[in-house]
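>>> here is my input, please return the structure:
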Amino acid sequence: MTKPELSIFAGSQSVGEVYEEQNEIIVPFFEAAIPLSSTSSRIQLNLAGKSRILVLQAAVSGIGFSGATPNDKIGQFVYLMEQWVNSGIQTTRTYTSSLEDEYTVNAFNFKWRRSKGDPNRIIYTLLMKES
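The predicted model follows:
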């Protein structure tokens, strides 16, 4: 199994230690009775295509990021992620899953918290949508 990668990072920067990776495909269907037929005859149409939601839960200590202290390095990681999510007209990025599947994605949610018992790590969740 390969470690997931995100093209926002360069060189030795990474998504960190991945705890969980989720991949969900959503296909909305429109369903209705077929006109002039028995009530049990129905038609199902996919009018909207599919959506893929990718969720990454990981921990990062800032290794590979610039900064004098672990806190500065974590700060740079958070800054890069927030710049991407909050950038207004968001640049798509390439996400490579642990199964080595590549997706072009936009981020729509990034949240983080301090790791319990280790002030030099954060645990984060990143929600991405395939473009």
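>>> when you work out contacts or count neighbours from here on, use the C-alpha atoms and nothing else.
Fine.
>>> how close does the residue of the chain most remote from its centre sit to Pro70?
Most distant from the centre of the chain: Leu36, at 45.6 Å, with distances by C-alpha atoms, centre = their mean. For Leu36, the distance to Pro70 (C-alpha to C-alpha, to the nearest Å) stands at 69 Å.
>>> next: Ser38.
In terms of C-alpha to C-alpha, Ser38 sits 68 Å off from Pro70.
>>> which one of those two has more residues nearby?
Pro70 (17 against 9; other C-alpha atoms under 10 Å).
>>> for the closest residue to Ser14 other than its chain neighbours, what are its contacts?
Excluding the flanking residues, the one nearest Ser14 by C-alpha to C-alpha, 6 or more residues apart in numbering is Glu5, at 6.7 Å. Glu5 makes contact with 14-15, 95-97, according to C-alpha atoms under 8 Å, 6 or more residues apart in numbering.
>>> and of these, the nearest to Tyr103?
Minimum distance to Tyr103 across the contacts of Glu5 is 5.2 Å, recorded for Tyr95 (C-alpha to C-alpha).
>>> show me the contacts for that closest one.
4-7, 102-105.
>>> please confirm that it is located within a strand.
Yes. Assigned with DSSP: H, G, I helix; E, B strand; the rest coil, Tyr95 falls within a strand.
>>> what pairs with it across the strands?
Tyr95 has these beta-bridge partners by DSSP bridges: Leu6, Tyr103.
>>> could you tell me how many residues sit around Leu126?
With other C-alpha under 10 Å as criterion, Leu126 counts 18.
>>> also Leu47?
Using other C-alpha under 10 Å, Leu47 is surrounded by 10 other residues.
>>> three-state assignment of it?
Per three-state DSSP, the local secondary structure of Leu47 is coil.
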